[in-house]
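S.K.: what would the 3D arrangement of this be:
(one chain, ligands or ions: 2)
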Amino acid sequence: SSASQTGKKAKIIAVANQKGGVGKTTTAINLATAMAAVKKKVLILDLDPQGNASTGFGIDRHAREITSYDVVLGAAPFGDAIIDSGVPGLSIIPSTIDLSGADLELAELPHRNFRLRYAMEKAQARAEYDYILIDCPPSLSLLTINALVAADSVLVPLQCEFFALEGLSLLLKTIEQVRGSLNPKLTINGVVLTMFDKRNNLSEQVAGDVRDFLGDKVYQTVIPRNVRVSEAPSHGKPALLYDHRCVGSQAYIKLARELLGRDRKMAA
Ligand code: ADP
Ligand code: MG
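M.R.: Ligands and ions are numbered 1, 2, ... in the order given. Here you go, the predicted structure:
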């Protein structure tokens, strides 16, 4: 259906941080699930060769016939790669380890930074969803650049540990460069503090520094470290479905509320 029929125009958010293990995938999965729970139509694009977002929804390998690799390389149209996530209102484009070769292949292609953007535009992907979340790989590779070029904004999950601010500066510099050349409209959606441990003084201190540095770009909602959240992927379920009452799930519901509230305010 066309944009005029659905009236939708998805906001595209890249969930990015070049550091691995900071909560990108967990945030993409649970934020998307929380949004879908309040009747938003959401698509997750798994752009990490590790395919953790796909696994996190319990999508097994042989169900991943057409993947983000095919989309980025132009071997299949964007729409053909979309499958059901098992969560109502939430779809996913899965990935497999094939995607690990994409960076080298992309480097040889024309419009190498714009492949994802063009694929989404051609498919009028925005017309079908309220939000499209791109789960980026842990690098500043061509794949991540493709995500930053296709996106409206970047959501940065940040773990409050010793080198967090250094990593953040590098990411912000990259975003600035992309804005300066490839995607002038790219904004910072926000920074979300993840795996927060309030018994750890360093966590508190880093959180304070991040808030001093970025002000209200940092979400009020903080995601605590929570065992239930880390168990959920091995059950092939978002934490929100595995145990919606645990503090981690509740934090992601709050984060979704905060994000949607900000967007409503901007639209008003
Ligand atoms: P990334 O995508 O940035 O590499 P992940 O989202 O995969 O990071 O998270 C890294 C690891 O930390 C995973 O094992 C995940 O289950 C775990 N994890 C993420 N968020 C939390 C949390 N709030 N509490 C406990 N474990 C978490
Ligand atoms: Mg990940």
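S.K.: the closest residue to residue 263 other than its chain neighbours: neighbouring residues, count only.
M.R.: In space, not counting the residues next to it along the chain, residue 263 is nearest to residue 11; the distance is 6.8 Å by Cβ to Cβ, 6 or more residues apart in numbering. C-beta: built from backbone N, CA, C; applies to glycine. By other Cβ atoms under 10 Å, 17 other residues sit near residue 11.
S.K.: can you list phi and psi of residue 11 for me?
M.R.: Taking degrees, to the nearest 10, you get phi -90, psi 130 for the backbone angles of residue 11.
S.K.: could you shift the numbering so residue one becomes 18, and keep it that way?
M.R.: Understood, numbering begins at 18; the last thing we discussed is residue 28.
S.K.: from ligand 2, how far off is it?
M.R.: With distances taken as Cβ to the ion, to the nearest Å, residue 28 is found 21 Å from ligand 2.
S.K.: wait, residue 200 touches residue 163, no?
M.R.: No - shown here, residue 200 and residue 163 do not form a contact pair, counting by Cβ atoms under 8 Å, at 10.4 Å.
S.K.: what residues are shared contacts of these two?
M.R.: Here residue 200 and residue 163 have residue 134 as joint contacts, going by Cβ atoms under 8 Å, 6 or more residues apart in numbering.
S.K.: those two: who's more crowded?
M.R.: Neighbours per residue (other Cβ under 10 Å) separate residue 200 from residue 163, with residue 163 holding more: 30 against 19.
S.K.: okay, and the more buried one sits in which element?
M.R.: Assignment of secondary structure by DSSP states H and E places residue 163 within helix 159-167.
S.K.: list the helices and strands that helix packs on?
M.R.: Helices and strands touching helix 159-167, as assessed by 3 or more Cβ pairs under 8 Å, 6 or more residues apart in numbering; DSSP states H and E, comprise strand 28-32, helix 119-124, helix 132-139, helix 181-198.
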